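A.B. asks: fold the following.
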Amino acid sequence: MALHGARSEGGLLFAGFRGFRPSGLARDLSAGVAVAAVGLPSAIAYPAIAGLPPETGIYASILPLLAYAVFGPSRRLIVGPDAGTMTVLAAAMSAILAGSAAGTAPANVAMTLAALVGGLCLVVRVLGLGVISSFLSRPILTGFFAGISLSILVGQLGRLTGLSLAGDGLLPPVLDLLRRLQEVHLPTMTLSAAMFALLIGTRLIRSPVPGPVVVVAVALALSATFDFAGKGIAVVGALPTGLPQLALPNPLSMPMTELLSGALAVFLVSFGAGIISAKSFAARVGEQTDPNRELDGFAAANIAAGLIGAFPVTASDSRTAINISVGGRSQVAGVAAALTLLVALVWFGKALSLLPLSALAVILVGAAISLIDLPALRAMWRLSHIEFAFAMIAMLGPISFGVLNGVVLAIAATLAHLLWKMMYPKDALLGLIPGQDGFYKLHRAPSARAVPGLGLCLLQGSILFFNADHVRERLREIAAELPAGTRWFVLDASAIAQIDITAMTALGELAEELKARGLRFGLAELHAEVRDLLDRGGVLDRIGRDMIFDDLSDTLRAFRAQKNGGQPKDPQAF
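C.D. replies: Presented below is the predicted three-dimensional model:
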């Protein structure tokens, strides 16, 4: 019998289990174990980006998975720690801790941010604003994560070399390393190089066992055999081996402005990246994605993370990819992955304490390199130089101005691009092709001809306060360039979805100005809301109601009738 979701007020509970059948249990369990195997190395490694203890990554991979399985809509998506989100989290935590009361624990800041991110998901969900994920477009995220990857690479230089490097940002740690090359801890550096070669080797030979799993297994074996800790190679150290404890975040000692702005930054990046991942994997398996429904699952996962001392999570590309490749068909795989990680924490925590930090740094370096999508950047350059430029702006943001400012810059770049396109809507003169129905753009159809005496212009965009002056000037230019003897100039408003009071005033002034020059101005195919505003503002009367037409065919018929003394004529005839 198939297991179907039970309807709740916010959507479907257990929607991720829909279609589950007992015959698929073995496949889902296998996928869950594989997801746990791949997720364990990153779960231990990623917290280091934000200066958090390794066990918080395991916590973030247990209860949030179970919460998403209950509230999330996807059958195959797996949530968990994410390198990009962790980098934004690190910057947010740094700003919050700088203004917090003495003794404020970083773990408390992280879990508070997780709870706030979950709360923001719920607010955005209730308002139906899942569309805001579109503000972080794929080009913007591609560039942004490329910048973040460089930040991660620089952040791991100390662990790779065994040094405590001074300075923040991109250049200071690199310069400090160059000044202190003679102080590099050779055993740590040698181990880092060997583990990186092993990681690359697993990719080159297409190992069936994921590279991070191989690195962890080999590094643990070597550490136990040769006592790395005794030789000065830093290791993870003691891990809690009990179940994660439920606790409520305590934000009272933290600066509220930095806390809220940090939560908003983490939310925007984690949700934007999570939705793109969800859409990508859904398309791969022939499913649909609803951003508002995904907010249910992300909200539950992050609130769960905030209750067990973890940090914000989002959709995990690597874990979801493993789940799909092994054959996971439902969130039973997610539950199995969470339980497997719980077993690893409780029964194998002592063994994990021997894991060298340099091996975790290598795993982070591998993850950072994977964030740089060179094929996508090349494709952007080939397809759209403008979007490639915005990807570069988004990449330079985290490098030059810090991750939080980089988030703001990436969003500002997206909005600037959108505003620029809206400020300068495209236009085209229209005409007829003899013997064919319809109207054609003169610059696109060589055989199309303008109707003598009638100028028809299509404007492809709304007219609002920020582009009203440009549109008016552009229409003036077009009217001035119309052939001598043109008596009517009609604007095809079918693509003008919105206008405002500024635009309404500009159109009225344009109509009177053209009328004074002996050219009648008209409008065709007005949307209902646009027509209503122009009517209430008296612009239709200023233009003349006889110059307001339902469509271009009516325009042409009226023009022909006026030209022929009121006698109608074939609208397609010249």
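
A.B. asks: CA only for contacts and neighbour counts going forward, please
C.D. replies: Fine.

A.B. asks: pLDDT weak spots in this protein?
C.D. replies: 1-12, 133-136, 168-169, 402-404, 407, 564-574 (pLDDT under 70).

A.B. asks: hmm, residue 269 is touching residue 85, no?
C.D. replies: Yes. Between residue 269 and residue 85 a contact is recorded at 6.5 Å, counting by C-alpha atoms under 8 Å.

A.B. asks: give me the more crowded residue out of these two.
C.D. replies: Using other C-alpha atoms under 10 Å, the more surrounded residue of residue 269 and residue 85 is residue 85, with 27 against 24.

A.B. asks: wasn't the more buried one part of a helix?
C.D. replies: Yes. Residue 85 forms part of a helix when assessed by DSSP: H, G, I helix; E, B strand; the rest coil.

A.B. asks: gap between the nearest residue to it once chain neighbours are set aside and residue 68?
C.D. replies: Using C-alpha to C-alpha, 6 or more residues apart in numbering and skipping the chain neighbours, the partner closest in space to residue 85 is residue 270 (5.6 Å). Distance, residue 270 to residue 68, using C-alpha to C-alpha, to the nearest Å: 15 Å.

A.B. asks: between those two, which is the more surrounded one?
C.D. replies: residue 68 (30 against 25).

A.B. asks: so who does the more buried one touch?
C.D. replies: Contacts for residue 68 (C-alpha atoms under 8 Å, 6 or more residues apart in numbering) come out as 79, 297-298, 300-301.

A.B. asks: can you tell me which of those is closest to residue 507?
C.D. replies: Nearest to residue 507 out of the contacts of residue 68 is residue 298 (C-alpha to C-alpha; 46.3 Å).

A.B. asks: mind listing what's buried in the helix or strand hosting residue 265?
C.D. replies: For residue 265, the host element (DSSP states H and E) is helix 256-284. By neighbour count on 16 or more other C-alpha atoms under 10 Å, the buried set for helix 256-284 is 258-260, 262-279, 281-282.

A.B. asks: which strands or helices does it pack on?
C.D. replies: If you count contacts as 3 or more C-alpha pairs under 8 Å, 6 or more residues apart in numbering; DSSP states H and E, helix 256-284 packs onto helix 83-98, helix 106-126, helix 291-307, strand 314-315, helix 317-326, helix 403-423.

A.B. asks: now the angle from that helix to helix 106-126?
C.D. replies: Here the directions of helix 256-284 and helix 106-126 differ by 60 degrees (axes from the mean of the first three to the mean of the last three C-alpha atoms, to 10 degrees).

A.B. asks: roughly how far is helix 256-284 from the heart of the chain?
C.D. replies: In terms of C-alpha atoms, centre = their mean, to the nearest Å, the gap separating the centre of helix 256-284 from the centre of its chain is 6 Å.

A.B. asks: same deal with stretch 88-97?
C.D. replies: 20 Å.

A.B. asks: now the helix holding residue 265 against helix 83-98, angle please.
C.D. replies: Using the same axes, to 10 degrees: helix 256-284 against helix 83-98 is 170 degrees.

A.B. asks: all numbers from here: first residue = 50
C.D. replies: Understood, numbering begins at 50; the last thing we discussed is helix 305-333.

A.B. asks: contact partners for the residue nearest to residue 134?
C.D. replies: Going by C-alpha under 8 Å, 6+ apart, residue 319 touches 133-134, 362-363.

A.B. asks: with distance to residue 454 added, can I get these in a markdown table?
C.D. replies: Shown next, in a markdown table, are the contacts of residue 319 (distance: C-alpha to C-alpha, whole Å):
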| residue | distance to residue 454 |
| --- | --- |
| 133 | 14 |
| 134 | 14 |
| 362 | 21 |
| 363 | 21 |
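
A.B. asks: of those - the most surrounded one?
C.D. replies: Highest neighbour count within the contacts of residue 319: residue 362, with 33 neighbours (other C-alpha under 10 Å).

A.B. asks: I'd say it and residue 353 touch.
C.D. replies: No. Using C-alpha under 8 Å, residue 362 is not in contact with residue 353, being 9.9 Å away.

A.B. asks: anything in contact with each of the two?
C.D. replies: Common neighbours of residue 362 and residue 353, using C-alpha under 8 Å, 6+ apart, are residue 113.

A.B. asks: so which bits of the helix or strand containing residue 389 are buried?
C.D. replies: Using DSSP H and E, residue 389 falls within helix 381-401. Going by neighbour count (16+ other C-alpha under 10 Å), the buried part of helix 381-401 is 381-391, 393-394, 398-401.

A.B. asks: remind me what that helix packs against, helices and strands.
C.D. replies: helix 74-94, helix 104-108, helix 112-120.

A.B. asks: check what contacts the shortest one and list those residues.
C.D. replies: So that's helix 104-108. The set of residues external to helix 104-108 that reach it, using C-alpha under 8 Å, 6+ apart, is 89, 91-96, 130, 288-289, 293, 354, 357-360, 390-391, 394.

A.B. asks: can you check stretch 391-399 too?
C.D. replies: Residues contacting stretch 391-399 (C-alpha under 8 Å, 6+ apart): 107, 111, 287-292.

A.B. asks: buried subset of those?
C.D. replies: For these, buried by 16+ other C-alpha under 10 Å: 107, 111, 288, 290.
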